[in-house]
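1. Sequence first, then the predicted structure:
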Amino acid sequence: MVAPVGLRRRGSARLRRHGNAVDGWLLGRLSGFSARTELSDLVLTTASRMANRSRLWLAVSAVLAGTGGRRGRRAAAHGLLGIAIASIAVNGPLKGVWQRPRPQIDLGPRRRVLPVPSSFSFPSGHSASAVAFATGVALESPAVALPVGAAAAVVAYSRIHAGVHYPSDVVVGAGVGVLAGVAAGRVLAVAAALGAPLLARAPDNGVPRRAVVLTNRRS
């Protein structure tokens with residue numbers, strides 16, 4: 001038997017209220033407002049601001065492309081394409097469908113370290129872009145996966161620390177970022193197959209196990 005539309009809507013609204021209550025409690029616990037320090041505010045606020053409009057990831061991609069050779073250029077392209085896919089998904093259908101308001105949390109005597117954006121809260125665009133970039137870079141250049149992944153984690157947590165996102169916003173945003181990074185890899189693979197040589201994977205030129213030494217007795 002199918003439940004009436006009114007009952008389904010009331011059930012959905014009740015579930016959302018309970019979810020928001022739990023999310024708000026987690027936000028207060030994870031952000032640690034009672035234990036905030038000027039240093040933590042400075043570090044996390046700086047990380048969040050640097051990631052605005054993906055400026056941080058654009059700078060990292062420039063370094064990768066300039067110093068990492070062919071593998072670095074592909075890692076940069078993979079990461080940036082992942083950001084593009086994640087941004088379209090988050091700022092388009094996802095935020096528009098859910099339309100979740102930003103957290104309204106009391107910071108007590110401490111001022112809010114970041115202004116609350118006017119856009120909807122769910123999911124976190126900063127987290128989606130950060131994780132999408134880190135995923136793309138990790139898939140192409142595992143050697144730099146750890147520092148880039150750590151930077152992405154700092155940016156994602158900074159949104160909770162600043163009180164501008166609920167924890168679930170960040171978790172779901174990170175999930176969208178992973179999917180976007182993987183999807184970007186598929187797009188690059190198709191582009192390479194269609195004749196884009198710069199997007200092809202760099203060959204793995206390992207050290208040969210055997211070597212031939214040529215000598216000249218007269219030298």
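-> Happy to help now that I have it. Numbering: from 1, shown residues only.

2. Pull the residues that contact stretch 179-192.
-> Stretch 179-192 has contacts (CB atoms under 8 Å, 6 or more residues apart in numbering) with 74, 77-79, 81-86, 89, 128, 131-136, 138-140, 199-201. For the C-beta atoms, the positions are set from N, CA and C on the backbone; glycine is no exception.

3. again, but for stretch 136-153
-> For stretch 136-153, the external contacting residues (CB under 8 Å, 6+ apart) are 47, 56, 60, 64, 68, 71-72, 74-76, 78-82, 130-131, 133-134, 177, 181-182, 184-185, 201.

4. returning to that earlier point: now which of the contacts of stretch 179-192 would you call buried?
-> Among those, those buried by neighbour count (16 or more other CB atoms under 10 Å) are 74, 77-79, 81-86, 89, 128, 131-136, 138-140, 199.

5. so where do the strands sit in this structure?
-> In the chain, no strands are found when defined by DSSP state E.

6. Flag the shaky bits of it, pLDDT-wise.
-> Applying pLDDT under 70 to the chain flags residues 1-19, 31-35, 105-113, 196-219.

7. Do you have the helices of it handy? List them.
-> Using DSSP state H, the helices of the chain run over residues 5-31, 38-50, 55-67, 69-89, 95-98, 125-140, 145-161, 167-193.

8. what packs against the second one?
-> Meaning helix 38-50. Where contact means 3 or more CB pairs under 8 Å, 6 or more residues apart in numbering; DSSP states H and E, helix 38-50 is packed against helix 145-161.

9. Which positions within the helix it packs on qualify as buried?
-> 145, 148-149, 151-161.

10. Let me have those residues in TSV, adding distance to residue 116 as columns.
-> Shown next, in TSV, are those (distance: CB to CB, whole Å):
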residue	distance to residue 116
145	32
148	28
149	27
151	24
152	22
153	22
154	20
155	17
156	17
157	17
158	14
159	11
160	13
161	14
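
11. Looking at the residues you listed, which is nearest residue 117?
-> Using CB to CB, residue 159 comes nearest to residue 117 of those, at 9.9 Å.

12. Quick check: phi and psi at the closest residue in space to that closest one that isn't next to it in sequence.
-> Spatial nearest neighbour of residue 159, excluding adjacent residues (CB to CB, 6 or more residues apart in numbering): residue 165 at 4.1 Å. For residue 165, the backbone dihedrals are phi -140, psi 150 (criterion: degrees, to the nearest 10).

13. Surely residue 165 is in contact with residue 121?
-> Yes: counting by CB atoms under 8 Å, residue 121 is a contact partner of residue 165 at 5.9 Å.

14. where do the contact lists of these two overlap?
-> Common neighbours of residue 165 and residue 121 (criterion: CB under 8 Å, 6+ apart): 102-103.

15. Look at these two and report which has more neighbours.
-> More crowded of residue 165 and residue 121, by other CB atoms under 10 Å: residue 165, with 31 against 22.

16. and the more buried one, what does it touch?
-> 102-103, 121, 124, 126-127, 159, 173.

17. Tell me the buried residues within those.
-> Buried residues within the contacts of residue 165, counting neighbours by 16+ other CB under 10 Å: 102-103, 121, 124, 126-127, 159, 173.

18. Let me know how buried residue 36 is, in neighbour terms.
-> Quick note: residue 36 (other CB under 10 Å) scores 16 neighbours.
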